[in-house]
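K.L.:
missing the sequence, but the structure's below:
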Ligand SMILES: C[S@@+](CC[C@H](N)C(=O)[O-])C[C@H]1O[C@@H](n2cnc3c(N)ncnc32)[C@H](O)[C@@H]1O
């Protein structure tokens, strides 16, 4: 049982439960049966020993001291400073709100940020430390650091004023004359010394270019889509899918959608914002749990309003029992839905109305006739393939996990109307759950969301040194309408702008009017043999019939040269020229990937767009050269617009 507390699995007779669940239809009834079984066997939920971690001044202090030691021992390798930063983030997360420990953690973290060449974040940390009562006897040095960073940021007047303030604090502290003099000298130096400045060229590298859909080109019924896209439905084979409503050029932006919901992976809790998934430098913590850090107060309050008020304590318990990330995401989606409709009863009523709608396409459209990315209605109608799932052990996992989440929701939150803490004991809670239609509805919804996330969810990645690191998951209603092909004609790229994630879908090739837009679900014909592709696609419950699968196209090394695939021989020279032109940019793409490219990035992208536009219509597929070109175009697009680790090494 991959994501259930091990002791619970050993206590329960799982084989009996597997069989019992075979006879029950619907996850509301399955969750009910699990609750009854737990009640009958244990008189409640045997999870007393699962204790989430609470805020603790002592733990925060210990972590801060560990971070200090790491920092003192850190040499010139960035990794050592990142290890210290990570430890400070943990210390901040555990410090009680407005405590002296929090002030110290912020204050000392600012030193790590200074070393990591993050002057803005360093200054923010110092302000945070001062805002929660940083010790007076240490302020002179803290303000010296701030003055130094302000100077570095090109704000010399402010730096002078802060240095003056530092001198005033220095007068008030009791230090030996020698120490005072030394600190005074350092304060003077902070605003006087020429400092390391991030070179302009380097700053330019980190700048992400902007992607935007023109207002005039927005589809009136499909949120966040261009007018070049339409939605169609084919009940027999392809379900809902997107098609080109006019001819599309390579590189054309087709969808730019903020996901309805996203969820940070558990292992990124101390390195990325729990709301917008951006990399954390300075951070603020949830006032209640130890497992949510935010990049800004704005993200913190948006998270609280949208879901974290209900999620906070429940998620802490789920993390304590190592619950699977997709299940935690399913819970978040459920809470967002409940909040969107103003309560479980209203949400249940709405889902009943949706179920009554017989037009499969209309089901997912809001009342204003728009398929909306920011409305739960579109998410609710996403495919889950619940009727095709035969795995009996998965059934137990899902029913049991959902039952445990319901238990915590009732016990710790007012989501079902109560105060969340007035129930007598476990027995009462479990009885109330299996007698409540609303609770069982929520239990079923959590399972439904879990399955929908498996079929429609996407990973949010961060690119660093030629590798993509998964940071969390996201679910966007529009991008979820894309079907798969092992030879795709569109691709996705995601990024964060103004504390918000976006998923962009752009054309890889020229696409004729009426042709379906297809992306790949993580496997493409040139790199993955057909048997492996079938395995990878199994969780999506369809058999791929794309031209690469049907025609059994070979892997990249065995593909024919493009020249042999030009039917009109007088076009050969044009093709060769386009291939040579794009090959010239291969090294530039490598530089771009390593953040060492300072020239006009759009020039590279445009070369690929031109070469693909030329080659694509006059050659047959598949060819080695076009495959290479498409791969590089994809990379280039990500390096220019996609989410990357935003860090400039200090000593470059
Ligand atoms: C992300 S959804 C795509 C939208 C979906 N067609 C719908 O109706 O909502 C993924 C599901 O679409 C279907 N699908 C995707 N690619 C397909 C293909 N090439 N052929 C047939 N069905 C496909 C499968 O049922 C898959 O689980």
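P.N.:
Now that the structure is in, tell me what you want to look at. Just so it is clear, the structure is predicted and the values come from calculations on it, not from any experiment.

K.L.:
how many neighbours does the residue in the stretch 51-200 of the chain positioned nearest to the ligand have?
P.N.:
Per CB to the nearest ligand atom, residue 52 is where the stretch 51-200 of the chain lies closest to the ligand, at 33.9 Å. Glycine gets a C-beta too; all of them are placed from N, C-alpha and C. Close neighbours of residue 52, defined as other CB atoms under 10 Å, add up to 19.

K.L.:
burial count for the spatially closest residue to it that is not a sequence neighbour?
P.N.:
Leaving aside its sequence neighbours, residue 52 sits nearest to residue 316 (CB to CB, 6 or more residues apart in numbering; 3.6 Å). When neighbours are defined as other CB under 10 Å, residue 316 has 21 of them.

K.L.:
likewise for residue 23?
P.N.:
8.

K.L.:
next: the one 10 residues further on.
P.N.:
Each residue near residue 33 was counted by other CB under 10 Å, and the total is 17.

K.L.:
wait, doesn't it sit right on residue 402?
P.N.:
No. In this structure, residue 33 is not within contact of residue 402 by CB atoms under 8 Å, at 11.6 Å.

K.L.:
surely residue 496 is within a strand?
P.N.:
Yes. Counting by DSSP: H, G, I helix; E, B strand; the rest coil, one finds residue 496 located in a strand.

K.L.:
ok, what's across the strand from it?
P.N.:
Beta bridges link residue 496 to residue 501, judged by DSSP bridges.

K.L.:
what residues are up against it?
P.N.:
276, 277, 278, 502, 643 (CB atoms under 8 Å, 6 or more residues apart in numbering).

K.L.:
low-confidence bits of the protein, can you list those?
P.N.:
1-7, 193-207, 418-424, 595-598, 649-652 (pLDDT under 70).

K.L.:
what does it have sitting close to the ligand?
P.N.:
Selection of the chain residues close to the ligand by CB under 6 Å from any ligand atom yields 237-241, 383, 455-456, 480-481, 483-485, 540-542, 544.

K.L.:
mark which of these are buried, thanks.
P.N.:
240, 241, 383, 456, 480, 481, 483, 484, 485, 540, 544 (16 or more other CB atoms under 10 Å).

K.L.:
quick one: contacts for the closest residue to the ligand within the chain?
P.N.:
For the chain and the ligand, the shortest gap (CB to the nearest ligand atom) falls at residue 239, measuring 2.7 Å. Contacts for residue 239 (CB under 8 Å, 6+ apart) come out as 233, 383, 483.

K.L.:
and residue 638, by the same measure?
P.N.:
So residue 638 contacts 463, 493 (CB under 8 Å, 6+ apart).

K.L.:
Provide the secondary structure category for it.
P.N.:
From three-state DSSP, the assignment for residue 638 is helix.

K.L.:
going by neighbour count, list what's buried in whichever helix or strand residue 473 is part of.
P.N.:
If you go by DSSP states H and E, residue 473 is part of strand 467-475. Buried residues in strand 467-475, counted by 16+ other CB under 10 Å: 469, 471, 472, 473, 474, 475.

K.L.:
same check, this time on stretch 243-256
P.N.:
243, 244, 245, 248, 250, 251, 252, 253, 254, 255, 256.

K.L.:
redo those as CSV? Include secondary structure.
P.N.:
Shown next, in CSV, are the buried residues of stretch 243-256 (three-state DSSP):
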residue, secondary structure
243, strand
244, strand
245, coil
248, strand
250, coil
251, coil
252, coil
253, strand
254, strand
255, strand
256, strand
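
K.L.:
can you map out the strands along the stretch 101-250 of the chain?
P.N.:
Ranges of strands in the stretch 101-250 of the chain, per DSSP state E, counting those that start in this stretch, are 229-234, 239-244.

K.L.:
that'll do, ta.
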